[in-house]
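*Asks:* heads up, no residue letters with this:
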């Protein structure tokens, strides 16, 4: 069974919104979203701890919101006021422990989804 499965990507115009979903095969304490373009390294976007603590990259703060539905083992990334620079492949990541100081690091996470493409056009 695939550990994490993302969905919800698509094409949207500048200023639009999308909501990404990540369904996990089981509960994970610390979950995060990353994104990557073909020319750049994968970058951290947001993290959500089991106690509800959230953290965001400066580039998305105030526009993106990460949330969780524990009953469905699903994490969401609500993306508003989208910009062309948000165009990327978005990945869900998880680790079976609390988020510590290393929640921005790729190496922290044991499980990754296959990614969902988000394209923002002007």
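*Replies:* Perfect, I can see it now. Because the structure is predicted, anything quoted here is derived from the model rather than measured.
*Asks:* CA atoms for contacts and neighbours, from now on please.
*Replies:* OK.
*Asks:* any idea how far residue 122 is from the residue nearest in space to the middle of the chain?
*Replies:* The centroid of the chain falls nearest to residue 33 when counting by Cα atoms, centre = their mean (2.3 Å). Applying Cα to Cα, to the nearest Å, one obtains 24 Å for the distance of residue 33 from residue 122.
*Asks:* just to revisit the earlier point, surely the residue nearest to the centre of the chain is in contact with residue 54?
*Replies:* No. The pair residue 33 / residue 54 is not scored as a contact, 11.3 Å apart, by Cα atoms under 8 Å.
*Asks:* list the residues that contact both of those two?
*Replies:* 46, 47 (Cα atoms under 8 Å, 6 or more residues apart in numbering).
*Asks:* beta-bridge partners for the residue nearest to the centre of the chain, please?
*Replies:* Beta-bridge partners of residue 33, counted by DSSP bridges, are residue 46, residue 92.
*Asks:* and it, what is it in contact with?
*Replies:* Counting by Cα under 8 Å, 6+ apart, residue 33 touches 44, 45, 46, 47, 77, 90, 91, 92, 93.
*Asks:* got a markdown table for these, with distance to residue 38, neighbour count and pLDDT too?
*Replies:* Below are the contacts of residue 33 laid out as a markdown table (distance: Cα to Cα, whole Å; neighbours: other Cα atoms under 10 Å; pLDDT from 0 to 100):
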| residue | distance to residue 38 | neighbour count | pLDDT |
| --- | --- | --- | --- |
| 44 | 15 | 20 | 98 |
| 45 | 17 | 23 | 98 |
| 46 | 20 | 24 | 98 |
| 47 | 23 | 26 | 98 |
| 77 | 21 | 23 | 98 |
| 90 | 12 | 27 | 98 |
| 91 | 14 | 26 | 98 |
| 92 | 17 | 31 | 97 |
| 93 | 19 | 28 | 97 |
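*Asks:* so where's this protein shaky on pLDDT?
*Replies:* 1-2 (pLDDT under 70).
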